[in-house]
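1. For reference, the sequence and a predicted model appear below.
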Amino acid sequence: MEIRKYPDPVLKKIAQPVEVFDEELEKLVRDMFVAMHASNGVGLAAPQVGVLKKVAIVEYEDKSYVLINPKIIDRKGTQEGEEGCLSFPGIYANVLRPLWVKIEAQNEKGELQTIEGEGYTARAFLHEMDHLNGKLFVDYLSSLKRNAIKKKISKNTGGHF
Ligand code: NI
């Protein structure tokens, strides 16, 4: 399972809701954990591995979360902090996020759960949920900062934008 890097167009697409909770879905979740661990990530969304389904995982401070069809049902406060993304190796930027969120999501069995996260966990949930809507953390930055990042990536990969 390969993690897609920006500017792969799949990263800007909107993922579809999961309707079937089967073996294939369980395997996707397992494979995503393997890929995330291999890259030392704290979160991964299915579009980052080229699968346009509303599936995201987060693992932080020994807690694992599987977020399928997640929805934000409440949020409080704000926090500003540094964020990175497995699809943007070596790129970090400050992003403003809610300090606390309550999410409703299904697990890989289809069971609906309410999950709360604060601080870095909330940041990870929101970052991964954005991926399911084709939104990337650099989209929160000013165009000046975003262009500087694009230039840096273009230089590293020899790619064009
Ligand atoms: Ni990311």
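-> Yes, it's here. Numbering: from 1, shown residues only.

2. Go ahead and flag the most central residue of this structure.
-> By CA atoms, centre = their mean, the mean C-alpha position of the chain lies nearest to Glu128, the distance being 2.2 Å.

3. and that one, what does it touch?
-> 43-45, 56-58, 67 (CB atoms under 8 Å, 6 or more residues apart in numbering). For the C-beta atoms, the positions are set from N, CA and C on the backbone; glycine is no exception.

4. can you give me phi and psi for Ile14?
-> The phi/psi pair for Ile14 (degrees, to the nearest 10) reads phi -90, psi 130.

5. I meant Phe33, not that one.
-> When read as degrees, to the nearest 10, the backbone of Phe33 gives phi -60, psi -40.

6. what pairs with the nearest residue to it once chain neighbours are set aside across the strands?
-> Nearest residue to Phe33 in three dimensions, chain neighbours excluded: Ile57, at 6.1 Å (CB to CB, 6 or more residues apart in numbering). Ile57 has these beta-bridge partners by DSSP bridges: Leu44, Val66.

7. Model confidence for Ile57, exactly?
-> For Ile57, the pLDDT comes out at 98.

8. top of the contacts of Glu128 by neighbour count?
-> Among the contacts of Glu128, Ala56 has the most neighbours (other CB atoms under 10 Å), with 29 neighbours.

9. the helices in the protein, which residues?
-> Shown for the chain, the helices assigned by DSSP state H span residues 23-38, 120-132, 143-157.

10. right, and those - which one's nearest Lys5?
-> Ranking the helices of the chain by proximity to Lys5 (CB to CB) places helix 143-157 first, at 7.9 Å.

11. Quick one: list the elements packing against that closest one.
-> Under the contact criterion of 3 or more CB pairs under 8 Å, 6 or more residues apart in numbering; DSSP states H and E, helix 143-157 touches no helix or strand at all.

12. returning to that earlier point: hang on, isn't the residue nearest to Phe33 packed against Tyr65?
-> Yes: counting by CB atoms under 8 Å, Ile57 does reach Tyr65; the two are 6.6 Å apart.
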